[in-house]
Structures are given as C-alpha cells and as structure tokens.
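[1] My questions concern the predicted model and sequence given below.
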Amino acid sequence: LQKEFIQAQVVLKRLQSEGFEAYFVGGSVRDALLGRPIHDIDIATSAYPEEVKHVFKKTFDLGIEHGTVLVLSGKQQYEVTTFRTESKYTDYRRPDKVKFVSDLTEDLKRRDFTVNAFAMTVDGEIIDVFDALSDLENKILRAVGKAEERFNEDALRIMRGMRFAADLDFDIEDETFEAMKSHAKLLPKISIERIFVELEKLMLSPNWRKGLRTLNQSEAFKYLPGFEELDLNDFSEDYQFKSSEQAWALLYLKFHTFDLKAWKVSNDFNKKTKLIVKAYYEKAWTLENIYSYGLEIAQLADDLKFGQGLELDLSIPQNIYDLLQIHSKSEILVKGADLIKEGHPPGPSLGQLLNKIELNIVNNKLKNQKEEILAYVKTISC
Ligand code: ATP
Ligand code: MG
C-alpha cells in the first residue's frame with residue numbers, strides 16, 4: 001500500500017469504527033494499480049453527509065446534495081462521498097437528483113469507465129466488479145454498463161474518455177467508441193468550462209496527439225468551438241506542453257477559426273496565450289522583444305517553434321534575458337521626479353523621455369546608473 005493510502009487509512013478506520021462502510025475509490029485506486037503517481041484520494045462510504053460531518057472534526061461542505069464532504073486529516077484532504085446512484089438525467093448534464101444507496105456496487109455502477117470503478121478496502125484489497133483488472137492489463141478504456149446510455153446521461157464522459165485514453169495511453173473499446181461517436185452531438189449541452197478542463201488535461205498529457213486523433217476520429221471536434229478537421233502531420237511527435245496557455249497557443253496557431261472567447265477563458269489566460277502566439281511569430285529574439293514579452297512567454301514560444309522543428313533561433317531567450325540590465329520600467333534608476341528636479345517640465349514629454357531612456361537601457365546603449373542617465377538626458381535636451 002502506497003504511503004498516500006496509509007496516511008488515509010485513519011479516515012476509513014474512523015468511519016468503520018462508527019459502523020459505516022468505507023472504501024477508497026476512483027482515480028487514485030486506478031493510478032495505484034498502474035504504478036502512477038497518486039493525486040487526490042476519494043473515499044466512498046455508506047454514511048450520509050451529515051453523519052460524515054459528525055464523525056470528523058474538520059470538514060468542509062463540497063456539495064452536500066451530491067453527497068460529498070471534504071474531510072481534513074493530517075495535512076491531507078479527502079473527498080468523502082456517500083454511496084449513491086444518479087437517477088434521471090433530463091438535460092444530459094447533471095443528474096436531477098442523486099439517490100443515496102446502501103450498497104457499494106450500486107455506487108460503482110454510476111462511474112464512467114471500468115478502470116475508474118475499482119474500490120479498495122482499508123487493507124488494500126481490490127474490489128473489481130466490472131473485470132476492470134483485465135481492461136487495465138489490456139490497456140482498454142471501457143464504459144461501465146451500456147456505453148450509449150452512459151453518454152446519453154452525461155456527455156462530458158465523451159470528453160473524459162478521450163482524455164483518459166490519451167493520458168493513460170489506453171485504447172477505447174469498440175462499443176464505447178461507437179457510442180462516443182453517436183453521442184458527440186450532445187456535447188453542446190455541456191458547459192464549455194467543463195469541456196475546457198477535460199481538453200486541457202488531454203493537451204497536457206504526453207499523448208495529446210493520440211487524444212486529438214481520437215477527437216478527430218470520433219468527429220467530436222465538430223462540436224468544439226474553433227476546431228477544424230485536424231491534420232496531425234502538422235504536429236511534431238513527442239512534444240510535451242509546459243503550460244495550458246502554451247497548448248492553447250498551438251491550437252490557436254493551427255486553427256484559423258479558433259476563438260478563445262468562445263471557450264470562456266479568463267482574461268489573463270487569453271492574454272498570455274495571445275502573447276505566446278505573437279512571440280511565436282518573431283523572426284529572432286532581441287533585447288527589446290525579450291524585455292517586452294518577459295522570459296516565460298518567450299521561452300514558451302521558443303519551445304513551440306523548436307518542438308515543431310522550425311528553424312531554431314540560436315540565440316535562446318535565456319541568454320538574451322541575462323544581458324538585460326532591467327526587466328521592467330520600475331527598475332530604471334532615474335524616476336520622473338528626478339528629471340523634474342533637473343528642470344525637465346512635467347507633462348507628456350516627460351513620459352516620452354522616460355521611454356527613450358528605457359529603450360536605450362534595454363538595448364544596452366546606456367548604463368542603468370543615475371549619473372549616466374542624467375548626463376544622457378542633458379545631451380539630448382540641448
Ligand atoms: P484524475 O486523475 O484526473 O483525478 P479521476 O478518475 O480521479 O481522474 P475525477 O474527475 O477526479 O477523475 O473523478 C473521480 C471519480 O469519480 C472517477 O474516477 C469516476 O469514478 C467518477 N466520476 C467523475 N466524473 C464522472 C462522470 N462525469 N461520470 C461518471 N463518473 C464520474
Ligand atoms: Mg481525481
């Protein structure tokens with residue numbers, strides 16, 4: 001048993017000592033079996049949310065109506081969810097109401113894919129209701145139950161499926177894949193923010209090309225804003241994105257119709273992505289453009305060019321960045337007030353003068369040193 005589970009054992013034991021059933025469930029069990037790093041540990045229990053809150057000192061409501069309570073234990077936090085089924089889905093998104101049940105198997109049946117539907121006892125014994133161990137061994141992603149029904153209930157599962165197939169490097173089982181294809185038209189019913197999260201995880205996985213290929217084959221891309229038919233030959237192999245903005249910059253570069261606004265990303269995300277795109281088109285790195293983009297953006301853009309085998313500018317951003325005397329205006333050792341003291345009138349011309357000083361310092365034509373800057377100002381003002 002991995003150390004993360006050993007730490008979490010107290011939570012299960014505590015629930016059991018109160019007479020409830022409790023198991024480890026979800027992605028953490030899957031990842032443990034695959035020998036992958038374990039992120040968050042989810043727990044399923046027969047206790048009702050109010051009972052969970054009663055059993056533990058430190059808890060936090062995470063959607064009581066869905067049965068989830070966050071339990072803080074040690075320095076860790078665990079999502080503890082009451083066994084439940086999902087009754088009717090009338091809008092293809094969220095269950096109308098959840099029904100708590102007394103039985104673990106019922107809870108596992110509502111889960112999306114077999115490899116996400118393991119449970120594990122406190123001692124590390126695996127409960128495998130859907131023969132998921134053989135899917136795990138054969139690297140197959142298979143919907144729990146009837147694939148068509150499951151995607152009809154919740155179309156986000158289609159995106160999740162493609163994300164998991166890429167992330168785990170699994171193949172999607174035929175019936176599951178056919179159902180993805182036939183139900184992709186329900187994707188517009190899902191909020192774009194939730195689709196974004198899945199696509200982001202897909203793009204940040206090492207196998208994102210495989211994920212995009214599946215997106216293409218299933219024709220799900222037709223229902224995503226700005227996606228056109230993909231030509232994966234445009235994308236180099238083995239490229240690992242370093243940030244979500246960088247991945248989105250590549251999509252933006254590839255799809256002429258790509259509209260970030262339609263994805264409802266934050267202004268900050270939008271800005272950063274567009275800066276990477278702009279920096280990507282720079283013919284060469286210079287003191288001026290590295291100063292204006294900042295090192296991070298320049299490196300992400302440089303990376304994209306390199307990753308795609310375009311001609312590589314030999315002057316790498318870091319080397320140029322190291323030559324910069326300043327990284328923002330505030331680092332200039334002469335301020336507007338100093339110039340006014342020297343007799344320069346306030347007003348727009350002062351700003352222009354400061355810009356000139358900044359440019360010269362960036363280009364290393366002027367030292368960022370008070371006397372030198374003031375002497376320089378004298379030479380241009382007379
Ligand atoms: P990750 O490694 O990305 O966290 P995960 O498998 O833990 O993957 P989560 O989104 O954290 O995925 O969800 C935890 C578990 O809840 C899943 O393993 C799955 O059993 C179940 N689940 C989550 N979303 C859905 C859904 N839309 N439909 C059915 N089951 C779901
Ligand atoms: Mg998880």
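    Thanks, I have it. Ligands and ions are numbered 1, 2, ... in the order given.
[2] contacts, neighbours, all on C-alpha from now
    Fine.
[3] burial measure for the closest residue to residue 22 other than its chain neighbours, as a count.
    If the residues on either side of it in the chain are set aside, residue 22 comes closest to residue 45, at 4.2 Å by CA to CA, 6 or more residues apart in numbering. Residues lying near residue 45 (other CA atoms under 10 Å) number 27.
[4] What residues does the nearest residue to residue 173 once chain neighbours are set aside make contact with?
    The shortest distance from residue 173 to any non-neighbouring residue, by CA to CA, 6+ apart, is to residue 142 (5.4 Å). By CA atoms under 8 Å, 6 or more residues apart in numbering, residue 142 lies in contact with 113-115, 135, 172-173, 176.
[5] Just the CA atoms of stretch 65-83, as PDB, please.
    Output in PDB follows, covering the C-alpha atoms of stretch 65-83 (Å, rounded to 0.1, in the frame of the first residue of the first chain):
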ATOM      1  CA  GLU A  65     -26.700  17.500  -2.200                       C
ATOM      2  CA  HIS A  66     -24.400  15.300  -4.200                       C
ATOM      3  CA  GLY A  67     -23.200  13.600  -1.000                       C
ATOM      4  CA  THR A  68     -19.700  15.000  -0.900                       C
ATOM      5  CA  VAL A  69     -17.900  16.200   2.300                       C
ATOM      6  CA  LEU A  70     -14.300  17.200   2.400                       C
ATOM      7  CA  VAL A  71     -12.500  15.700   5.400                       C
ATOM      8  CA  LEU A  72      -9.300  17.200   6.600                       C
ATOM      9  CA  SER A  73      -7.000  14.700   8.200                       C
ATOM     10  CA  GLY A  74      -3.300  15.400   9.000                       C
ATOM     11  CA  LYS A  75      -2.200  17.800   6.300                       C
ATOM     12  CA  GLN A  76      -4.300  16.000   3.700                       C
ATOM     13  CA  GLN A  77      -7.900  16.400   2.500                       C
ATOM     14  CA  TYR A  78     -10.200  13.700   1.300                       C
ATOM     15  CA  GLU A  79     -13.400  13.800  -0.700                       C
ATOM     16  CA  VAL A  80     -15.800  11.600   1.200                       C
ATOM     17  CA  THR A  81     -18.900  10.800  -0.800                       C
ATOM     18  CA  THR A  82     -22.000   8.800   0.200                       C
ATOM     19  CA  PHE A  83     -22.800   5.700  -1.900                       C
END
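[6] Residue numbers of the stretch 101-250 of the chain in contact with ligand 1?
    110-112, 116-117, 156-157 (CA under 6 Å from any ligand atom).
[7] One more pass at 8 Å, please.
    108, 110-113, 115-118, 150, 154-157, 160, 164, 201 (CA under 8 Å from any ligand atom).
[8] Which of the residues you listed are buried, as a PyMOL select command?
    Here is the PyMOL command that selects the buried residues among these (16 or more other CA atoms under 10 Å):
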select buried, resi 108+110+111+112+113+115+116+117+118+150+154+155+156+157+160+164+201
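[9] The residue nearest to residue 22 and ligand 1: what is the separation?
    Distance of residue 45 to ligand 1, given as CA to the nearest ligand atom, to the nearest Å: 14 Å.
[10] so who does residue 359 touch?
    Listed by CA under 8 Å, 6+ apart, the contact partners of residue 359 are residue 288.
[11] Give me the secondary structure label for it.
    At residue 359 the chain is in helix, as set by DSSP: H, G, I helix; E, B strand; the rest coil.
[12] Any figure for the gap between it and ligand 1?
    46 Å.
[13] what do you get for residue 63?
    Taking CA to the nearest ligand atom as the measure, residue 63 falls 14 Å from ligand 1.
[14] Would you agree that residue is in contact with residue 69?
    Yes. Residue 63 lies in contact with residue 69 (CA atoms under 8 Å); the separation is 7.1 Å.
[15] So between those two, which is more surrounded?
    residue 69 (24 against 12).
[16] Helix or strand with the lowest mean pLDDT in this structure?
    Lowest on mean pLDDT, DSSP states H and E among the helices and strands of the chain sits strand 98-100, with a mean of 78.
[17] Go ahead and name everything in contact with it.
    Defining contact as CA under 8 Å, 6+ apart, one finds that strand 98-100 is touched by 48, 65-67, 82-87.
[18] List the buried residues of stretch 285-295.
    Buried residues in stretch 285-295 (16+ other CA under 10 Å): 285-291, 293, 295.
[19] Going by the annotation, which residue ranges form each domain of the protein?
    Recorded structural domains for the chain (assignment: automatic domain parsing) are 1-138, 272-321, 329-381.
[20] Least confident of those domains, on average?
    Looking over these, mean pLDDT reaches its minimum on domain 272-321, with a mean of 86.
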